[in-house]
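**Q** how would this look folded up:
(chains A and B)
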Amino acid sequence: LARLGLLIEANRCIGCDVCVNACKDEYEGNDYPPYSVAQPDTQYGYAPSFYPEPASKLTAWVKRGHYWMKTENMVLGKFPHLSSTYIPMPCMHCDNAPCQKAASGGAVFTRADGIVIVDPVKSSGQSQLVASCPYGAIYWNDDKGIPQKCTLCAHLVDQGRAPKCVDACPVKAIAFGDLDDPSSEISTKIKALNAEPLHPEFGTKPKVYYAGLPKPFLSGKVVDGRTGEYLKDATVVLRAGDGRSWTTTSDEFADFEFKNLKVGQMYSLEVTKAGMRPKKVMVYLDQAKDIGKLQLFPEGV
Amino acid sequence: MISLSITRRTFVKAVGALAAMLAVSSKTNLLIKRRPAVAQTEETLLTCAADGGPFLAHVVEGRWVKSSPLKPNLTVAANAYIARGRAYSSDRIRYPMKRVDFDPSGSRNTQNRGKSGFIRITWDEALDLVANEFRRIKDTYGPGSACHVYMPHQWIGTLHSIGGVSMFYPPYESQSGWLSRFFALYGGCTTLVGGNSFPAHQAGGPLAWGMQGHTNINNFADVLQNSGLVIHWATDSAIKSYNTYRQNIALRQLKEKGVRQVVIDAFFNDTAAIYADKWIPVFPNTDEAMMVAIAYVWFTESLIDENFARSHTFGYDDFKSYVLGTADGIPKTPEWASKICRIDAEEIKCLAREWAAKPTFIIDSAGGANRRTNGIQWVRLVIALQAISGNIGRPGGGVCSIELTTRPSTMKSFGSIPGMKASIVNMIFHVYFRDAVLNPPVTWTSVGTDGKIYTYTYPKAGTPEIHLMAFSGGSGFTMNQNPGVPRHIEALQSPKIEFAYCQSPWWETAAKYSDVVLPVRYIGERDDIVQYDNLAVYMHTVGEPVPDARTDLDIYTAIAQRLGFGDQFTGGKTPAEWLSTLYSAGSVPMSLEEFKTAGYYEFPYPTQTPTVRLTGFHDDPDNNKLNTQSGKVEIYSTRVKDAFGADSPYVLAKYVPPIEGTSSPQYQTYPMLMLSPHPKIGRHSQWQNVAWVRAYEQMFRDGYRTVYMNPIDAEARGVKDRDIVRVFNARGAIVCSAYVTERIMPGVLYVWEGGWYQPEVPGDRQSTDIGGNVNVLIDPRPGELTHGMIANTLVEVEKWSG
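**A** Numbers count the residues shown, from 1 in each chain, chains lettered A, B, ... in the order given. Alright, predicted model coming up:
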């Protein structure tokens, strides 16, 4: 039996929201029994929204509708040393789904292939499902009085197709497949990219995995302490308290950067360059940060 | 549908404003209500296409219910998924309509354009009215009194895009398609000219190297194979492309091969975040200060081959003496530039050294740095610096965009509608529209695509002023996208413009300020054919959201018939016959009927091999001259000197302080510089009325356009993320939602262009624009020679109380 899931490579995502719009295109106005009924329409306008009406003072408004797929931009660091990552977020289709526990009368069920479905009929009136999801993936449909969410496009999966967002992504950041099959493309990639669920601490065992999630970085610049000149090709070694270490060199702009670090610990940073005295500093990393210019001085000065 | 609208009008009168708003929303949405639950088996799949890409439309009971790729794994453009939202938008014009207080035989009340409402009239009434006005205006004032406005970004289709007369850049000679036939047969017209897209490339390129500034001389295969450094200059290459899919593959290939990528932009854009090795935040409009400082490093550190540079350029010694300061006593050192462009002087040196050391390709996918009054200097300096560093005509060098598309040699273009040569009586440079109407004559000077300098005057002696405005062919766009929008509205409300009509699918800005509006069919509402890359696609009719709408072609045919030249206009052929003719010119190996059933035909996508143009010039410039006066890359322009005098700052490619910048007086009052990039979804104002786009939080929040600002600037003004703010200067004010982010450089604001002009009190050009249209704030004065004005806007921002 399959256990279907997604792998989302956040570091490929360009934040174009094609996945979001493709999702809305699939589900606004369209029912897919027995998995879902149409989600509320997104609406916007100015009142009166356009003319045949005689003009009066206008007010902008928008009803954003549901986001069974949504993206969030996460920015780390301070200008001008930044990382920016978009994180596409559908339902996580948890193995240990809190919504299923919160539901009554079989309103939430897990299919044999692992897809978690909120039954559009049995879930009627069960607004407690919205709050039960720690990922905020369940939305309330006011008109219909039902909770709704991503179905991993179960109706397409039944036809042997991938979910709509997977097909739509122009940068191929979303992969779909069987997590239980170790030879599947998704399983291979999850392993190769060291992918992980979002918020594993929630303990819900999501079937949506992420690679390239934003992680704290430590960056800086190597300069000649006397002239202020920027020094490229300096060797920079970062050591963590547990004995692990990473090595890089300063680039054409004398910049160096270590990615994927853990916050809340001390690091030692050592810079060496031929003809210059080595420099060693200790850094407590509380967040992604740039430590600025590290000055090296010639030997003997 | 008809009864619905009548109910709605009655209803709105009966209730209060807020209730009316909600009622309007729910009722208009009935128009986008689809169908009760039906089994999927009733779906028909038909090919169709939007600008940006082809797609499969799923059709159920005559309604287009969703879209999907032509086949799995054939990625379509973003627009394909939102095209349904555009077709079923609540902003569709549903019937021919007339402004309530417009009486062609009595009081025209032109001052009420945009203020008063519209009533429905029949197609015959509407077409008679338009045709009569065309006839009357010409009889009264003579040829040229009708002004034609169109946009090249029309709803696509080989048959149904209606072309236009004379757009863009001097010598303003392009004419195409149905509109050229109409105005040729009508007896000529006046037309709005000038383009906002690549003004400095069009002017600076011919001066610098005898062709457009954004001419690709190295294709992508060459860049990937041979470039050592790729500079994305004022562009977000990852998203500013209509082929996002292929473009991102290319960027990833560069990254994976380890080609160094540098992004120069005031915004930490997605290219910088995902693909680049280095982000250099430059204060907008000051790039040229950095560029001449780069030349300073090259000269003083002897990083370039001086003999090569001198033999390939004209004005090398003038430039060098300017850079070193021997001419004006100011050496253009990195330290000097740093104070202007706000980039660390040492980083300028690093960039200069890396650029000189490696084959360097400069990407300008979207023209960001060319779109300002001194953009011409940027274009000329890019070409000059590439020439001096030997990057013109050599592998791995070059400028422009990532050139990916290679059309298969077996794929021939479909035919085009044979144009006729309409007599262009007068031209009006679009940013001068207001002054042309209210305060003629107006005169302007511009560099032509041939590098010559042209001067125009409106109106020419002995010719009439304009009295009729014909907005058609994507033209809803034009009034909205013209810097100085409220000024142009003032002209549109003048009694001099006796008649204005607009045909469009949507209630875009020009429609709101017209006397008669005619509903047009959008893609998927008529049969057509189109080509993309290696695909030929049949565009089926997939729905009928506005049953009363007609195609642009039908409308012009009906007007032409009333004016007595219907047969000449259509050439005696029906649209179906034309479609067959156009199709036959292509090379799809099947009949049109078979093609219609098949839906699309895929030609094999050719493999690109590295190509480099101008290698002859690189190797032997004396015997392979460029199309400039000297045959070399011109850093010094004799043409500019002859036209404007030796004292003109534009004689030499160099840094010229912008009209609006930190050194201008208004900086004291308006200390923020506003950038107005292309919208991340859609094309300019087009697509901005799709509900899903309106809910896209990067561009819209709570119904308002977003303004990106740095936390430092936000805090100084007591502005928090998501506050509603007023962005203003002496020219006007717009309302936006504050998007506070470290990604934007301090001192700079970022407002996506394309917001629909919505003055709080409709038709009142003094009132605040809640649509967030940057053109309210942008100075319509073009720069000398360049006609780019977009990134030159100083503003202030404050919390808005409403």
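**Q** which residues of chain A score low on pLDDT?
**A** Low-confidence segments of chain A (pLDDT under 70): A:47-55, A:301.
**Q** quick one, longest helix in it?
**A** helix A:18-27 (DSSP state H).
**Q** ok, residue B:309 touching residue B:316?
**A** Yes. Between residue B:309 and residue B:316 there is a contact under C-beta atoms under 8 Å: 5.9 Å. In this view, the C-beta of every residue, glycine as well, is placed from N, C-alpha and C.
**Q** hmm, back to that, list the contacts of the longest helix of chain A.
**A** Here helix A:18-27 makes contact (C-beta atoms under 8 Å, 6 or more residues apart in numbering or on different chains) with A:36, A:38-39, A:42, A:65-71, A:88, A:90, A:150, A:153, A:164-165, A:167-170, A:174, B:66-67, B:78, B:81-82, B:84-85, B:681, B:692-693, B:696.
**Q** same thing but 7 Å
**A** Counting contacts by C-beta atoms under 7 Å, 6 or more residues apart in numbering or on different chains, the residues outside helix A:18-27 that touch it are A:36, A:38-39, A:42, A:67-71, A:88, A:153, A:164-165, A:168-170, A:174, B:66-67, B:78, B:81-82, B:84, B:692.
**Q** looking at it, residue A:287 is touching residue A:217, isn't it?
**A** No. Residue A:287 sits out of contact with residue A:217 when judged by C-beta atoms under 7 Å, with a separation of 9.8 Å.
**Q** Chain B contacts on the stretch 101-250 of chain A?
**A** Along the stretch 101-250 of chain A, the residues adjacent to chain B under the rule C-beta under 7 Å from any C-beta of the partner chain are A:161, A:167, A:168, A:170, A:171, A:228, A:229, A:230.
**Q** how about a cut-off of 6 Å?
**A** If contact is defined as C-beta under 6 Å from any C-beta of the partner chain, the residues of the stretch 101-250 of chain A in contact with chain B are A:167, A:170, A:171, A:230.
**Q** Need the max-distance pair from these.
**A** When these are compared pair by pair using C-beta to C-beta, the farthest-apart members prove to be A:167 and A:230, with a separation of 46.1 Å.
**Q** Report the central residue of the chain.
**A** All of this is about chain A. Geometric centre of chain A, nearest residue: residue A:87, 2.5 Å, by C-alpha atoms, centre = their mean.
**Q** try chain B instead
**A** By C-alpha atoms, centre = their mean, chain B has its centre lying nearest to residue B:197, at 5.1 Å.
**Q** Not counting its neighbours along the chain, what's nearest that one?
**A** Setting aside the residues directly before and after it, residue B:197 is nearest to residue B:367 in space (C-beta to C-beta, 6 or more residues apart in numbering or on different chains), at 6.1 Å.
**Q** Kindly provide the distance from that neighbour to chain A.
**A** Using C-beta to the nearest C-beta, to the nearest Å, residue B:367 is found at 20 Å from chain A.
**Q** hmm, back to that, the contacts of helix A:18-27 in strands, which ones?
**A** Of those, the ones assigned to strands by DSSP state E are A:70, A:71, A:88, A:174, B:66, B:67.
**Q** and which of the residues you listed is nearest to residue B:341?
**A** The shortest distance between residue B:341 and any of those, using C-beta to C-beta, involves residue A:71 and amounts to 32.8 Å.
**Q** these two touch, right, the closest one and residue A:90?
**A** No. Between residue A:71 and residue A:90 there is no contact, the gap being 10.3 Å when judged by C-beta atoms under 6 Å.
**Q** more neighbours, the two?
**A** residue A:90 (25 against 20; other C-beta atoms under 10 Å in any protein chain shown).
**Q** The stretch 101-250 of chain A: helices as residue ranges?
**A** Along the stretch 101-250 of chain A, the segments classed as helices by DSSP state H, counting those that start in this stretch run A:128-132, A:154-157, A:164-168, A:185-192.
**Q** Enumerate the residues of the stretch 501-650 of chain B near chain A.
**A** Residues of the stretch 501-650 of chain B found near chain A, taking C-beta under 6 Å from any C-beta as the criterion, are B:507, B:512.
**Q** Kindly recompute the last result at 10 Å.
**A** With the criterion set to C-beta under 10 Å from any C-beta of the partner chain, the stretch 501-650 of chain B comes near chain A through B:506, B:507, B:508, B:511, B:512, B:513, B:517.
**Q** Can you tell me which of these are buried?
**A** With burial judged by 16 or more other C-beta atoms under 10 Å in any protein chain shown, the buried subset of those is B:506, B:507, B:508, B:511, B:512, B:513, B:517.
**Q** tell me the contacts of the closest residue to residue A:202 other than its chain neighbours?
**A** Once flanking residues are discounted, residue A:202 sits nearest to residue A:134: 4.6 Å by C-beta to C-beta, 6+ apart. Residue A:134 sits next to A:92, A:94, A:98, A:99, A:199, A:201, A:202, A:203, A:204 when contact means C-beta atoms under 10 Å, 6 or more residues apart in numbering or on different chains.
**Q** The last one: how many residues sit nearby?
**A** Neighbour count of residue A:204, defined by other C-beta under 10 Å: 21.
**Q** so how far is residue B:414 from it?
**A** In this structure, residue A:204 lies at 54 Å from residue B:414, with C-beta to C-beta, to the nearest Å as the measure.
**Q** The residue nearest to residue B:197 touches residue B:678, doesn't it?
**A** Yes. Checked against C-beta atoms under 10 Å, the pair residue B:367 and residue B:678 is within contact range at 9.2 Å.
**Q** joint contacts of those two?
**A** When contacts are counted by C-beta under 10 Å, 6+ apart, residue B:367 and residue B:678 are jointly contacted by B:197, B:235, B:240.
**Q** Tell me the residues of the stretch 351-500 of chain B that contact chain A?
**A** B:351, B:353, B:354, B:355, B:357, B:358.
**Q** ok, of the residues you listed, which one's closest to residue B:715?
**A** The shortest separation between residue B:715 and any of those is 31.0 Å, and it belongs to residue B:351 (by C-beta to C-beta).
**Q** Show me the shaky parts of chain B.
**A** By pLDDT under 70, the weakly predicted segments of chain B are B:1-41, B:73, B:75-77, B:166-173, B:241-242, B:405-406, B:475-477, B:786-789.
**Q** Walking through the stretch 551-700 of chain B, point out its helices one by one.
**A** B:552-562, B:566-570, B:575-584, B:592-598, B:615-619, B:638-644, B:691-694.
**Q** winner for burial among those helices?
**A** Neighbour counts averaged per stretch over the helices of the stretch 551-700 of chain B are highest for helix B:691-694, at a mean of 26; criterion: mean count of other C-beta atoms under 10 Å in any protein chain shown.
**Q** immediately after that one, which helix or strand?
**A** Using DSSP states H and E, the helix or strand that follows helix B:691-694 in sequence is strand B:700-701.
**Q** Report whether that next one contacts chain A.
**A** Yes. With C-beta under 10 Å from any C-beta as the threshold, strand B:700-701 lies in contact with chain A, specifically through B:700, B:701.
**Q** name the helices or strands packed onto that strand?
**A** Packing partners of strand B:700-701 (3 or more C-beta pairs under 10 Å, 6 or more residues apart in numbering or on different chains; DSSP states H and E): strand A:60-63, helix B:691-694, strand B:732-740.
**Q** How far does stretch A:26-42 stretch from one end to the other?
**A** From the first residue to the last, stretch A:26-42 extends over 13 Å; the measure is C-alpha to C-alpha, to the nearest Å.
**Q** what do you get for stretch A:3-14?
**A** Stretch A:3-14 has its terminal residues 28 Å apart, counting by C-alpha to C-alpha.
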